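Asks: Here is a sequence together with a model predicted from it:
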Amino acid sequence: MFPQKSRTIKVAVIKGDGIGPDVVNATLSVLDAVQDAVKGLKLEYVFAEAGLHCIPTYGTNLPEETKQILMRTDCCLKGPVTTPEEPGSPRSAAVQIRTMFDLYANVRPIKALPAVPSLNPNVDMIIVRENSEGMYSGIEFMTGKDSAVAIRLITRSGSERIARFSFNLAMKRKKHLTYVHKGNILKITCGLFKESVLKVSKDFPEVSVDDIHVDAAAMNLIKRPESFDVMVTTNLFGDILSDEAAQIVGGLGVAPGANIGDSYAMFEPIHGSAPKYTGMDKANPIAMILASKLMLEWLGFPEAAKKIEEAVNAVLREGKNLTYDLVPQDIIPAKCSEMGKRIAREIKP
Ligand code: NAD
């Protein structure tokens, strides 16, 4: 948790590309309303660029100037960015920022929302994805003309660190943790992850622990999603399972995420830049708005965070001013900006 101080908090704001600028602008209108409503909350937005559109100008998707801005701010609110896929192209800007600040815990809450179809109305879980190693270590190379290798780096320190973070989170919730792995096949890497979780579990005797293979976890997210509370897993498994879990509660448009380190954090939606909707003011801003709610919690403003959650829920219950993904096809959807403004108006002092 960021130590709350009575001063203006500097937030690096990266609008990103694709639908990023639309969902970030909608979120800023909500954050402006929250600052009017909550005494003592003062945010200074420091705008910075990242994403595919930066490459022609800066030769990189994360310009040096942006890195400097990140280093002199308290946290980052980041819209989605498009990542080039050609071999040799820059790494994802999101992954670079996670690495730069060692944001090792990717926290992805999955919670049923009012009036949004969900597989089960009682779904309320958090997926904690190890964010600094695993299949996203970036160690990948050709071993010959027709073969290639990616290294899945798992360390004892990285695994114990994410396990401890997750057990601490479980202690604040239902004291139930599920760890997800594929130890029957990846006996050494997942074996080390399992061993680390079980070692840390000894420090948390009050937390009940379930062990599940990743394929069974994917099935049970559909079959009985309400049975999970805190789920911890390695990088790639967590990325895939959290997209699946987002779909259970209404889709990628409503699922936020936080990337937490020991002294910095970045908040973003789970979803990507959906390039086909660029400039259409069409995307659902809720995931990004709820990411800003996670930011306010981390900054130590739970009251302000609650106001955002309540405003989102009120607008969903009202059932008007909703984007295309939340309404039947025969209803004219709201634009992203309209939904953002409607949520902002719902923020009460
Ligand atoms: P995506 O999440 O961008 O989009 C998949 C589909 O989900 C979209 O086509 C759209 O139908 C739907 N969707 C996503 N967000 C939505 C929203 N807010 N409202 C309504 N519908 C929404 O995934 P993708 O197509 O695999 O990736 C596109 C780009 O985004 C890629 O370049 C990828 O690398 C990047 N990406 C970035 C991040 C990040 O910045 N952290 C995360 C994931 C993907």
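Replies: Okay, I see it.

Asks: Only C-alpha atoms from now on, for both contacts and neighbour counts.
Replies: Noted.

Asks: contact partners of the host helix or strand of residue 162?
Replies: Assessed by DSSP states H and E, residue 162 sits inside helix 156-172. Helix 156-172 is contacted from outside by 104-105, 128-130, 132-133, 175-177, 192-193, 196-197, 199-201, 204, 206-207, 229-232, using C-alpha atoms under 8 Å, 6 or more residues apart in numbering.

Asks: now with 6 Å?
Replies: 176, 193, 196-197, 230 (C-alpha atoms under 6 Å, 6 or more residues apart in numbering).

Asks: just stretch 40-59 next, same as before
Replies: When contacts are defined by C-alpha under 6 Å, 6+ apart, stretch 40-59 is touched by residues 8-14, 16, 35, 61-62, 66, 81-82.

Asks: Likewise for stretch 276-288?
Replies: Under C-alpha under 6 Å, 6+ apart, the answer for stretch 276-288 is 18-19, 22-23, 253-256, 269, 323, 335-336.

Asks: hmm, back to that, in its sheet, what does the helix or strand just after the helix holding residue 162 sit against?
Replies: Later in the chain than helix 156-172, the nearest helix or strand by DSSP H and E is strand 176-181. Next to strand 176-181 in the sheet, as set by DSSP bridges, lie strand 208-213 (parallel), strand 230-233 (parallel).

Asks: Might you calculate how far strand 176-181 sits from the centre of the chain?
Replies: Distance of strand 176-181 from the chain centroid (C-alpha atoms, centre = their mean, to the nearest Å) equals 19 Å.

Asks: and the angle from that strand to helix 156-172?
Replies: Strand 176-181 and helix 156-172 are oriented at 150 degrees to each other (axes from the mean of the first three to the mean of the last three C-alpha atoms, to 10 degrees).

Asks: Run through who's touching strand 176-181.
Replies: 170, 190, 207-214, 230-233.

Asks: and which of the residues you listed is nearest the ligand?
Replies: residue 233 (17.8 Å; C-alpha to the nearest ligand atom).

Asks: Can you check the contacts of helix 156-172 and name whichever has the most neighbours?
Replies: Of all the contacts of helix 156-172, the highest neighbour tally under other C-alpha atoms under 10 Å goes to residue 193, namely 28 neighbours.

Asks: What separation do you get for it and the ligand?
Replies: Distance from residue 193 to the ligand, counting by C-alpha to the nearest ligand atom, to the nearest Å: 24 Å.

Asks: again, but for residue 316
Replies: Using C-alpha to the nearest ligand atom, residue 316 is found at 15 Å from the ligand.

Asks: Repeat that for residue 221.
Replies: 19 Å.

Asks: Give me the phi and psi for the residue nearest to that residue when sequence neighbours are not counted.
Replies: By the measure of C-alpha to C-alpha, 6 or more residues apart in numbering, the closest residue to residue 221 outside its immediate chain neighbours is residue 245, 6.5 Å from it. Phi and psi for residue 245, reported as degrees, to the nearest 10, are phi -70, psi -30.

Asks: gap between residue 245 and the ligand?
Replies: 13 Å.

Asks: Over to residue 134?
Replies: Where the ligand is concerned, residue 134 sits at a distance of 17 Å (C-alpha to the nearest ligand atom).

Asks: okay, now residue 79: neighbour count?
Replies: The burial count for residue 79: 31, using other C-alpha under 10 Å.

Asks: my guess is it contacts residue 16, does it?
Replies: Yes - with contact defined as C-alpha atoms under 6 Å, residue 79 counts as touching residue 16 (5.0 Å).

Asks: Tell me the pLDDT of residue 138.
Replies: Predicted confidence (pLDDT) at residue 138: the value is 85.

Asks: now residue 103
Replies: Looking at residue 103, the pLDDT reads 98.

Asks: In ChimeraX, how would I select the buried members of the contacts of strand 176-181?
Replies: The ChimeraX selection below is limited to those of these classed as buried (16 or more other C-alpha atoms under 10 Å):
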select :170,190,207,209,212,214,230,231,232,233
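
Asks: is the strand or helix carrying residue 289 anywhere near the ligand?
Replies: Assessed by DSSP H and E, residue 289 sits inside helix 286-299. No - for helix 286-299, no contact with the ligand is found by C-alpha under 6 Å from any ligand atom; the gap never falls below 6.5 Å.

Asks: for that helix, what is the average pLDDT?
Replies: On average, helix 286-299 scores 98.

Asks: Give me the distance between the helix or strand just after it and the centre of its chain.
Replies: Per DSSP H and E, helix 286-299 leads on to helix 302-318 as the next helix or strand towards the C-terminus. The chain centroid and the centroid of helix 302-318 are separated by 18 Å, computed with C-alpha atoms, centre = their mean.

Asks: Remind me what helix 302-318 packs against, helices and strands.
Replies: Applying 3 or more C-alpha pairs under 6 Å, 6 or more residues apart in numbering; DSSP states H and E, we find helix 302-318 packed against helix 286-299.
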